[in-house]
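**Q** I would like the atomic coordinates for the input below:
(chains A and B)
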Amino acid sequence: MEIIINGQRHQVADEVSLAGAVLLVTAAATGVAAALNGDVLRRAAWDSTPLAAGDQVEVVTAVQGG
Amino acid sequence: MDDPFELAGETFGSRLIMGTGGAPSLDVLDRALAASGTELTTVAMRRVSPATSGSVLDVLAARGIRVLPNTAGCFTAAEAVRVARLAREALGTNWVKLEVIADERTLLPDGVELLTAAEQLIAEDFIVLPYTSDDPVLARRLEQAGCAAVMPLGSPIGSGLGIRNEHNIELIVEAAGVPVILDAGIGTASDATIAMELGCDAVLLATSVTRARNAELMAAAMRSAVLAGRLAFRAGRVPRRRHAHASSPRAD
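**A** Predicted structure coming up:
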């Protein structure tokens, strides 16, 4: 199925979790947060959060700013 | 610690809060942060990019500097709330420098959206440090909403125009029951000193250091400038006089 991660289309397995989607864009173990269709999910919930076709995933981290 | 800076129940030795934007490299940033003596420093939140090498978080962690995420780039309360939630998850802090800007050209705060976002985040147990205009009334409303500090601009972000309305900053300081942090517009060391002489509790700056010809040297200048201004404020300046007042005894 196709999902959107940070605005880019990705083909993923149907049973992929949010944790699996995040791994496609970063391997960082800390300093990263994820939102699914606009809702921020705690890291502890990523593994148990299934994705559906068309889901929008946003993965952010800290950068220089302010 | 002599004259500590207390903010939201935490104590800091330095009254200089740094931003990390604009530094040409993480190495330059690292040396500037060290020279500034800062203990609290802002970062922005952005989508992860495969091109990113090295992390500003590693630089801050290695220096033992507390991280303060901001909501830079947000134009609405809803966007700012979402970024603050992401920052809390990513960085494990409920502190946020709340920034809701009106437009790209001025980068001035949108007071209506700012207050709306502040109220929502405070209801979600965030420690909200709002970047605001130099309007004493809006500052008061932000404090009443429960913000842990108010952070009025001296002049627009990155402009280096210093403090354009000292009178308003004085009015904000006089009325505030929470720390006042002069945020944005500092161009050089004397601007930071003036902010502290006006009674601000701290100064937040980035561009004036990170884009200086020698960032490390300017960071050291800012460290001294904030300290000098604070000492002068505590000491109490002499009144301005219209005419001369001899400092030596009259000749016999």
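
**Q** SS state for the residue nearest in space to the middle of chain A?
**A** Against the mean C-alpha coordinate of chain A, by Cα atoms, centre = their mean, the closest residue is A:Val22 at 3.9 Å. Secondary structure state of A:Val22, per DSSP: H, G, I helix; E, B strand; the rest coil, is helix.

**Q** That one reaches A:Val32, doesn't it?
**A** Yes. The criterion here is Cβ atoms under 8 Å, and A:Val22 meets it with A:Val32 at 6.9 Å. In this view, the C-beta of every residue, glycine as well, is placed from N, C-alpha and C.

**Q** Spell out which parts of the stretch 1-150 of chain B neighbour chain A.
**A** Applying Cβ under 8 Å from any Cβ of the partner chain, one finds that the stretch 1-150 of chain B approaches chain A through B:19-23, B:26, B:29, B:42-48, B:50, B:52, B:55-57, B:67-70, B:72, B:82-83, B:85-91, B:97, B:99.

**Q** hmm, 6 Å instead?
**A** B:19-21, B:42-48, B:56-57, B:70, B:72, B:85-86, B:89-90 (Cβ under 6 Å from any Cβ of the partner chain).

**Q** Can you flag which of those residues belong to strands?
**A** B:Gly19, B:Thr42, B:Val43, B:Ala44, B:Met45, B:Arg46, B:Arg47 (DSSP state E).

**Q** Out of these, give me the two with the largest separation.
**A** B:Gly19 and B:Arg47 (19.9 Å; Cβ to Cβ).

**Q** The two: which is more packed in?
**A** Neighbours were counted for B:Gly19 and for B:Arg47 using other Cβ atoms under 10 Å in any protein chain shown; B:Gly19 has more, 28 against 16.

**Q** Please report how far the more buried one lies from B:Ser208.
**A** Per Cβ to Cβ, to the nearest Å, B:Gly19 is found 10 Å from B:Ser208.

**Q** next one: B:Ala123
**A** Applying Cβ to Cβ to B:Ala123 and B:Ser208 gives a distance of 35 Å.

**Q** When the two are compared, which one has more neighbours?
**A** Under the neighbour definition other Cβ under 10 Å, B:Ala123 and B:Ser208 were set side by side, and B:Ser208 has more, 25 against 10.

**Q** how about the one residue in the stretch 1-150 of chain B that gets nearest to chain A, what does it touch?
**A** Nearest to chain A in the stretch 1-150 of chain B, going by Cβ to the nearest Cβ, is B:Ala44, at a distance of 2.5 Å. Residues near B:Ala44 by Cβ atoms under 6 Å, 6 or more residues apart in numbering or on different chains: A:Val63, A:Gly65, A:Gly66, B:Asn70, B:Ala72.

**Q** same deal with B:Ala102?
**A** Contact analysis of B:Ala102 by Cβ under 6 Å, 6+ apart lists B:Leu108, B:Asp110.

**Q** Which strand or helix spans B:Gly229?
**A** Secondary structure assignment for B:Gly229, by DSSP states H and E: helix B:215-235.

**Q** got the CA coordinates for that helix in PDB?
**A** This file holds the C-alpha atoms of helix B:215-235, laid out as PDB (Å, rounded to 0.1, in the frame of the first residue of the first chain):
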ATOM      1  CA  ALA B 215      30.600  34.400  16.500                       C
ATOM      2  CA  GLU B 216      32.700  33.100  19.400                       C
ATOM      3  CA  LEU B 217      34.000  36.600  20.100                       C
ATOM      4  CA  MET B 218      30.500  38.200  19.900                       C
ATOM      5  CA  ALA B 219      29.200  35.500  22.200                       C
ATOM      6  CA  ALA B 220      31.800  36.500  24.800                       C
ATOM      7  CA  ALA B 221      30.800  40.100  24.300                       C
ATOM      8  CA  MET B 222      27.100  39.300  24.900                       C
ATOM      9  CA  ARG B 223      28.000  37.400  28.000                       C
ATOM     10  CA  SER B 224      29.800  40.400  29.400                       C
ATOM     11  CA  ALA B 225      27.100  42.800  28.200                       C
ATOM     12  CA  VAL B 226      24.200  41.000  29.900                       C
ATOM     13  CA  LEU B 227      26.200  40.800  33.100                       C
ATOM     14  CA  ALA B 228      27.200  44.500  32.900                       C
ATOM     15  CA  GLY B 229      23.600  45.500  32.300                       C
ATOM     16  CA  ARG B 230      22.300  43.400  35.100                       C
ATOM     17  CA  LEU B 231      24.900  44.800  37.600                       C
ATOM     18  CA  ALA B 232      24.100  48.300  36.500                       C
ATOM     19  CA  PHE B 233      20.400  47.700  37.000                       C
ATOM     20  CA  ARG B 234      20.900  46.300  40.500                       C
ATOM     21  CA  ALA B 235      23.300  49.100  41.400                       C
END
